[in-house]
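[1] Build me a model from this:
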Amino acid sequence: MQRPVNNARISSKFGQRSGRLHAGMDYAATSGAKVTASGKGTVVRASYNPEYGNVVVIDHGLIDRQHTYTLIRASC
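    Residues are numbered from 1 along each chain as shown. From the prediction side, this is the model:
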């Protein structure tokens, strides 16, 4: 898997957050930054969420024996 956006800072790392597992990495990028899929996969949802903005969910299938998804959110 590759980084989905260049020149972006990591705004939240994988790990425990308020007693719950945050199972991913969050990146903060400037408006208009090009965002790409972090690996091959199938888009299983592309929609607008009033809380998060534009949302794309990509199913990457099995990676290291675990089913892996990427969630891309673009807050406006």
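[2] Show me which residues of the longest strand along the chain are buried.
    Identified as the longest strand of the chain according to DSSP state E is strand 53-63. Buried residues in strand 53-63, counting neighbours by 16 or more other C-beta atoms under 10 Å, are found at 55, 56, 57, 58, 60. The C-beta positions use only the backbone N, C-alpha and C, and glycine is treated the same way.
[3] That strand - contacts with which helices or strands?
    strand 42-49, strand 66-74 (3 or more C-beta pairs under 8 Å, 6 or more residues apart in numbering; DSSP states H and E).
[4] Next up, the contacts around the residue sitting furthest away from the middle of the chain.
    Most distant from the centre of the chain: residue 19, at 21.0 Å, with distances by C-alpha atoms, centre = their mean. For residue 19, no residue meets the contact criterion (C-beta atoms under 8 Å, 6 or more residues apart in numbering).
[5] re the thing from before, list the pairing partners of the longest strand of the chain within its sheet, with orientation.
    strand 42-49 (antiparallel), strand 66-74 (antiparallel) (DSSP bridges).
[6] And the shortest one, how far out from the chain middle?
    Just to be clear, that refers to strand 42-49. 12 Å (C-alpha atoms, centre = their mean, to the nearest Å).
[7] Convert the C-alpha atoms of it to CSV, please.
    Extracted C-alpha coordinates of strand 42-49, given in CSV (Å, rounded to 0.1, in the frame of the first residue of the first chain):
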residue,chain,number,x,y,z
THR,A,42,-12.8,-1.9,-6.0
VAL,A,43,-14.9,1.2,-5.0
VAL,A,44,-17.7,-0.1,-2.9
ARG,A,45,-19.2,3.3,-2.0
ALA,A,46,-18.9,6.9,-3.2
SER,A,47,-21.3,9.3,-1.5
TYR,A,48,-21.7,12.5,0.4
ASN,A,49,-21.9,12.4,4.2
